[in-house]
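# sequence-free structure coming up:
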C-alpha cells in the first residue's frame with residue numbers, strides 16, 4: 001500500500017462546524033445589517049411622522065384663516081347708539097412685541113361660528129398662543145375658545161380708516177362702527193412669523209353707520 005494511501009489528509013480529523021472566528025464575523029455582520037435596517041425604518045417613520053405633523057399644521061392653519069376671514073367679513077356696526085361692536089386695544093410688551101386685542105360682533109356663517117346666532121368674537125394673545133374665543137349673543141353662556149395658534153406669541157392689528165383721508169392706524173376711535181379694512185400680523189417671540197404674510201381684508205360693512 002502506498003504511503004499516500006496509508007496517510008490521512010490534514011483536514012480529515014477536523015469536525016464539521018464553524019470556528020469561533022467565523023461565528024464572531026457572522027454576528028458582527030448580522031449586527032451591521034440589523035443596524036442598517038433599523039436606521040432605515042427609523043428614518044422612514046420619522047419622515048412619516050413629520051409629514052403627518054406638517055399636514056395637521058397646514059389643516060389647522062387653513063381652518064384658522066377661514067374662520068378669521070369669515071368672522072371679520074361678517075363684522076357689523078352697532079345697531080343701537082352707544083353699543084360697542086368693534087374694539088381695538090393696542091398694547092406692547094417691554095421688549096416691543098405687539099400684544100393687540102381685538103373684539104368685534106359678527107354674524108355667524110361658517111362653523112364653528114354657526115348662522116343660528118350672532119357672535120361676540122375676541123382675538124387676543126395668551127401665554128399659550130393666540131386665542132380666538134367666541135360667545136353667542138343673547139345666550140347666558142361664557143366665551144369659549146374656538147381656535148388657537150400656539151406658534152403665535154404676539155399680534156399687531158392695523159385698521160384702515162374711512163372718509164376723505166384714509167390711512168392705516170393701530171388706533172380705532174369709533175367702537176360702534178367697522179373700519180374699511182383690517183390687517184393682522186402674527187408675531188413670534190421678537191419678530192413677525194417667518195413665512196406667514198400679514199392677513200389683510202376689506203370689511204364689507206366698513207363705514208356703514
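That came through, no problem. Because the structure is predicted, anything quoted here is derived from the model rather than measured.
# in this structure, where is pLDDT below threshold?
Scanning the chain with the threshold set as pLDDT under 70 gives 1-17, 43-58, 209.
# kindly recompute the last result at 50.
Filtered on pLDDT under 50, the chain yields the residue ranges 1-6, 8-9, 11.
# how about the strands in it?
86-89, 101-107, 118-126, 129-136, 144-149, 154-160, 168-169, 181-187, 199-202 (DSSP state E).
# report the buried residues of the fourth one.
In other words, strand 129-136. 130-136 (16 or more other Cβ atoms under 10 Å). For glycine as for every other residue, the C-beta is placed from the backbone atoms N, C-alpha and C.
# ok, and what's touching it?
Residues outside strand 129-136 that contact it (Cβ atoms under 8 Å, 6 or more residues apart in numbering) are 64, 67-68, 71, 112-113, 117-125, 141-153, 155, 186.
# got a ChimeraX select line for the buried ones in those residues?
Command for ChimeraX that selects the buried part of the contacts of strand 129-136, burial taken from 16+ other Cβ under 10 Å:
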select :64,67,68,71,113,118,119,120,121,122,123,124,125,146,147,148,149,152,153,155,186
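# phi and psi next, for residue 81.
When read as degrees, to the nearest 10, the backbone of residue 81 gives phi -60, psi 130.
# name the helices or strands packed onto the longest helix seen in the chain?
Assignment by DSSP state H gives helix 20-73 as the longest helix of the chain. If you count contacts as 3 or more Cβ pairs under 8 Å, 6 or more residues apart in numbering; DSSP states H and E, helix 20-73 packs onto strand 101-107, strand 118-126, strand 129-136, strand 144-149, strand 199-202.
# residue 183 bridge partners, please.
Beta-bridge pairing for residue 183 (DSSP bridges): residue 158, residue 200.
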